[in-house]
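Asker: sequence and computational prediction follow.
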Amino acid sequence: MSESYGKGVSNFYRLLQQFKSTLIQEAPEDIQLCEFECHKAECAMGDWKKCDRRLRSMREAQKHN
């Protein structure tokens, strides 16, 4: 009984991980700041390209790599 229970739990855990990976994906590095820390709901492409906060964050990330 416990062996089949263990397989069931393992299969359920694997299914749960697959489900989570389809729903919760990492934001691409170049927009993480925008997604999680910016107060604006949406930016025009021109604003995004020249955004000081985003560019500063990208420079900082490059320093640490």
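Answerer: All right, it came through fine. Numbering: from 1, shown residues only.

Asker: make it CA atoms for all contacts and neighbour counts henceforth
Answerer: Fine.

Asker: for the chain, which helix is longest?
Answerer: Counting by DSSP state H, the longest helix found in the chain is helix 2-23.

Asker: list the buried ones in the helix or strand that that one is followed by?
Answerer: The helix or strand immediately downstream of helix 2-23 is helix 32-37, counting by DSSP states H and E. Buried residues in helix 32-37, counting neighbours by 16 or more other CA atoms under 10 Å, are found at L33, C34.

Asker: mind checking how far the longest helix of the chain is from the chain centre?
Answerer: Distance, stretch centre to chain centre, for helix 2-23: 22 Å (CA atoms, centre = their mean, to the nearest Å).

Asker: could you list the low-pLDDT ranges of the chain?
Answerer: Within the chain, the stretches with pLDDT under 70 are 1-6, 65.

Asker: list the contacts of the helix or strand hosting R59.
Answerer: Assigning secondary structure by DSSP H and E places R59 in helix 52-64. Here helix 52-64 makes contact (CA atoms under 8 Å, 6 or more residues apart in numbering) with D30, I31, L33, C34, W48.

Asker: which residue is the nearest non-sequential neighbour of the first one?
Answerer: It stands for D30. Leaving aside its chain neighbours, D30 sits nearest to M58 (6.9 Å; criterion: CA to CA, 6 or more residues apart in numbering).
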